[in-house]
Every structure is written in structure tokens, then in C-alpha cells.
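*Asks:* Can you look at this prediction? I've put the sequence above it.
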Amino acid sequence: MRSSSRPAVFIVMGLVAVVFTRTPSSSSAQNASRAALQKAESSYEAFLERTSPGIRTRRGLAVETLPDLSLARAEADAAFGRSLVESLAGVAAGELTHEEDLSLEILRKEGIALAEAPRYYWLTFPVTPYTFQFLGVNQAFATAPLRSREDADRYEKLLLQYGPFLRSIEAKLKAQADRGIRIPKPELPLVASTLAPLAANSGTNLLRVAPERLAALPVDERNAFASRVASRIDSDVAPAARSLVAFLSGDYTVRAPEAVGLSQYPGGEDYYRFLVRRQTTLDVRPEEIHQIGLDAINEINTELDAIRRQVGFTGTLAEFRASLRKDPRFYAKTPEEVGERLMAAEQRIPPVEVRARHQRERPTKSRRGTPCQSTIYACLTPVEALEKAR
């Protein structure tokens with residue numbers, strides 16, 4: 001999106017990046033499309049700031065409410081998603097710049113995803129570690145400023161919501177269990193470890209406030225505040241977390257499936273295909289992505305076997321791989337060496353400028369067969385990048 005007075009918002013995998021651009025001279029049709037796009041941008045940006053603690057934290061905004069995980073909230077968000085898509089119905093991609101075309105496509109996809117979310121509401125587990133952390137709840141407490149009485153009041157009001165928030169998660173998990181949908185058994189220990197810091201008493205609880213964070217408050221206020229926080233943790237937050245852990249540790253664990261994967265749940269395969277479209281932005285089948293992975297593993301094994309023969313290792317490929325795991329030469333010994341190894345591959349690749357073209361192109365494939373958008377990303381392996389830089 002381009003605007004002479006506001007930032008353009010590009011949403012990728014739930015993250016928001018802000019870039020400032022200038023609007024070139026345009027025809028009336030282009031201006032109309034651009035105006036509709038900018039309005040949709042502002043609407044979606046306001047939606048994110050209203051509903052996402054993670055977005056608010058990253059933008060330095062105060063977090064005053066925890067996420068609403070109810071079906072009613074999902075349905076309300078779906079209504080917003082439909083209105084977002086409808087607001088873009090009259091915007092023609094050909095009337096926009098390439099960057100605006102991309103923003104238009106992203107906004108439409110985000111709106112469609114919101115609109116479809118209630119269909120899959122009972123297939124989402126908000127307590128799994130990779131989902132729970134992206135809610136941004138604990139980060140909001142960890143980064144909340146405590147420099148004034150107003151800051152302290154805001155922290156306490158947010159803490160008042162944490163017990164009900166955890167109980168809403170337990171209520172959803174119970175409703176899912178009634179529908180025969182439970183978290184896979186292998187994942188339950190990870191869930192328990194995620195909740196353990198919240199189930200602890202106030203002295204070690206994740207939400208406790210370290211004394212150094214209260215240094216800006218008067219001594220009498222900081223002591224009273226710390227006491228109230230500890231009381232709320234011990235009387236509400238920790239018991240709610242323990243109740244959730246106990247629920248997941250009882251009959252729930254006994255009846256949880258041994259298998260992992262969405263396909264075992266009613267509607268799970270359809271949801272998985274939705275997630276593939278959502279996360280890859282491509283209309284490809286899950287089976288295709290799985291095959292890409294298998295092909296890549298076969299290629300890596302072929303290359304590794306060639307190295308085995310080259311260095312004169314006489315055992316099998318499995319034995320060669322086991323020997324590599326035991327060889328101390330392949331393990332970093334200091335933090336600096338870890339950093340050096342992480343950056344080694346990048347440092348071997350000279351900079352390659354790849355300019356996005358305005359025309360739309362079909363997705364292409366890299367050497368390993370991975371789908372990518374050639375108008376946005378360079379589908380280059382390190383060797384190809386080196387060749388192109390020459």
C-alpha cells in the first residue's frame with residue numbers, strides 16, 4: 001500500500017511490518033482503488049491493535065485486555081473479515097503499484113482466513129506451547145512498564161483477567177473433549193511444562209514482579225503493589241493454572257490419542273488443507289508438500305553418502321551419521337563459535353540484488369522443488385546465488 005501520509009502495513013505470518021512510501025501521480029480510477037486499499041489497511045491495523053497483545057507489545061502500546069478465546073469472539077472476527085474482503089471487492093489489482101498489489105492480496109487472504117476461522121474453532125488448542133506463546137499474553141506482563149501508579153494499576157487490572165483467561169481455556173478443552181477432540185498424548189507433557197510456571201506460588205510464579213522493575217515507584221507503593229500482585233497470583237492465577245493441569249493430567253490423558261495430526265479429528269483434513277493455503281499462500285495439496293520434504297531428504301542422504309565414500313568411511317550411511325553425531329569437531333564449544341557457525345553460510349554468499357517485477361508470475365520452484373513466489377523471493381540455492389553474482 002502506498003500513502004503520502006500513513007504507513008503501509010504488510011502482514012506476513014501474523015507479523016506486521018511498517019514501511020513508508022510515496023504515492024505517485026494517479027488516474028481517478030487508481031485513486032479510488034488506492035483510497036479503498038488505504039481504508040482497508042487502517043481498518044485491519046486497528047483490528048490488530050485492538051485484538052492482539054503481541055502487536056500492542058511490539059508497538060509499545062499498553063495492553064489492557066487479554067485475548068477472548070470464545071466462539072462468539074471468533075464469529076465476530078469472522079464478520080469483520082467478511083467486511084474487510086467486501087471493502088476490497090472493487091479494487092482492481094491492475095490499477096495499483098506492485099507493492100500495493102501485494103498488500104491487496106495479503107489483506108484479502110487475511111480477511112478470508114478470519115471469515116473461515118469459526119469453521120475450525122473446535123480444532124484449535126490454545127494451550128499448546130507454539131499457540132500459547134503467540135497469543136502474546138506472558139510477553140505483555142514481562143514487558144509492561146511499571147514506572148508510575150497508572151502503570152501499576154494497569155498491571156493489576158490485567159492480572160485480574162488472567163485467572164478467567166485460564167479458566168476459559170479449560171472450558172474450551174472440556175467442550176472439545178465432549179466432541180471427541182483431545183490434544184495428542186505425546187504433547188501433553190509439553191503443555192504441562194508450559195503451565196507449570198503459572199501454577200507456582202507467588203514467590204516463583206512467572207507473573208511475579210521482580211523488585212528491580214519497581215524501582216521508579218515510591219517505596220510504600222512498591223511494597224503494597226507487590227503484596228497485591230502476590231495475593232492475586234496465590235488466590236486466583238495459580239489455582240486456575242493448577243486446575244487446568246489437573247484436568248489435563250486425569251481422564252483427559254487416559255483418553256488422549258496416541259497419534260498426532262489433525263486428520264484424526266472430524267473435519268481435520270479440511271482444516272489441514274486450510275492451514276496449508278494459509279501458511280504457504282499457495283494452493284497446493286498437503287501430499288505435495290510432504291513429497292517435497294521426502295525428495296529433499298533423499299537428496300540430502302545421497303549427498304551425505306557421497307561424502308561418506310569420499311572420506312573413506314567403510315560403514316553404512318546410518319553408521320556414518322552416528323559417527324558424525326559423536327565427533328566433537330562438529331560441536332560448537334563457545335557462544336561465539338555458535339554465532340560463527342550460524343553466520344558461516346550467509347558469509348559465503350555475496351550480496352545478490354533481486355528486483356521484484358511489477359507483472360504477476362506463476363509460482364516457480366527452486367532446485368529442491370520448493371514452491372516460491374519469483375516476484376517476491378529469489379528461488380536460489382547458495383551455489384546458484386554465487387553463480388548469479390559472478
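*Replies:* On my side now, so go ahead. Numbering: from 1, shown residues only.
*Asks:* Residue ranges in this structure under the pLDDT threshold?
*Replies:* Scanning the chain for pLDDT under 70 picks out the ranges 1-26, 351-390.
*Asks:* what about the strands in it?
*Replies:* All strands of the chain, identified by DSSP state E, fall at 8-12, 15-19, 364-365, 371-372.
*Asks:* and Ile307, how many neighbours?
*Replies:* Residue neighbour count, defined by other CB atoms under 10 Å, stands at 12 for Ile307. In short, each C-beta sits where N, CA and C put it, glycine included.
*Asks:* For Val137, give me its contacts.
*Replies:* By CB atoms under 8 Å, 6 or more residues apart in numbering, the contact set of Val137 is Pro53, Leu66, Pro67, Tyr162, Phe165.
*Asks:* could I get those as JSON lines with distance to Glu287?
*Replies:* Shown next, in JSON lines, are those (distance: CB to CB, whole Å):
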{"residue": "Pro53", "distance to Glu287": "36"}
{"residue": "Leu66", "distance to Glu287": "38"}
{"residue": "Pro67", "distance to Glu287": "34"}
{"residue": "Tyr162", "distance to Glu287": "42"}
{"residue": "Phe165", "distance to Glu287": "38"}
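*Asks:* Among these, find me the one that's closest to Phe313.
*Replies:* Closest to Phe313 out of those is Pro53 (51.9 Å), distances taken as CB to CB.
*Asks:* I'd like to know how many residues surround the nearest residue to that closest one once chain neighbours are set aside.
*Replies:* Nearest residue to Pro53, sequence neighbours excluded (CB to CB, 6 or more residues apart in numbering): Gly136, at 3.9 Å. Around Gly136 sit 19 other residues, with neighbours defined as other CB under 10 Å.
*Asks:* same question, Gly250
*Replies:* 10.
*Asks:* who touches the nearest residue to Ala115 once chain neighbours are set aside in this structure?
*Replies:* Closest residue to Ala115 apart from its sequence neighbours, by CB to CB, 6+ apart: Gly81 at 3.9 Å. Neighbouring residues of Gly81 by CB under 8 Å, 6+ apart: Glu110, Gly111, Ile112, Ala113, Leu114, Ala115, Glu116, Ala117.
*Asks:* Also Leu88?
*Replies:* Ala36, Leu37, Ala40, Leu104, Leu107, Arg108, Gly111.
*Asks:* Of those residues, grab the buried ones for ChimeraX.
*Replies:* Command for ChimeraX that selects the buried part of these, burial taken from 16 or more other CB atoms under 10 Å:
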select :36,37,40,104,107,108,111
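*Asks:* Reformat the contacts of Leu88 into TSV and put distance to Val229 next to each item.
*Replies:* What follows is these, written out as TSV (distance: CB to CB, whole Å):
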residue	distance to Val229
Ala36	47
Leu37	45
Ala40	41
Leu104	46
Leu107	40
Arg108	44
Gly111	39
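*Asks:* Which of the contacts of Leu88 fall in helices?
*Replies:* Residues of the contacts of Leu88 located in helices (DSSP state H): Ala36, Leu37, Ala40, Leu104, Leu107, Arg108, Gly111.
*Asks:* Helices of the stretch 51-200 of the chain, start to end?
*Replies:* Counting by DSSP state H, counting those that start in this stretch, the stretch 51-200 of the chain has these helices, from start to end: 53-58, 71-87, 98-116, 129-132, 137-143, 149-160, 162-178, 188-199.
*Asks:* Just list what the fourth one packs against, helices and strands only.
*Replies:* Put plainly, it is helix 129-132. Helix 129-132 sits against helix 188-199, with contacts defined as 3 or more CB pairs under 8 Å, 6 or more residues apart in numbering; DSSP states H and E.
*Asks:* Send me the helix it packs on as PDB with only the CA atoms.
*Replies:* Provided in PDB are the C-alpha atoms of helix 188-199 (Å, rounded to 0.1, in the frame of the first residue of the first chain):
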ATOM      1  CA  LEU A 188       0.600 -33.200  27.000                       C
ATOM      2  CA  PRO A 189       3.900 -33.200  28.900                       C
ATOM      3  CA  LEU A 190       4.900 -30.100  26.900                       C
ATOM      4  CA  VAL A 191       1.600 -28.400  27.700                       C
ATOM      5  CA  ALA A 192       2.200 -29.200  31.400                       C
ATOM      6  CA  SER A 193       5.700 -27.700  31.300                       C
ATOM      7  CA  THR A 194       4.200 -24.600  29.700                       C
ATOM      8  CA  LEU A 195       1.700 -24.200  32.500                       C
ATOM      9  CA  ALA A 196       4.000 -25.100  35.400                       C
ATOM     10  CA  PRO A 197       5.500 -21.600  35.900                       C
ATOM     11  CA  LEU A 198       1.900 -20.200  36.100                       C
ATOM     12  CA  ALA A 199       0.900 -22.800  38.600                       C
END
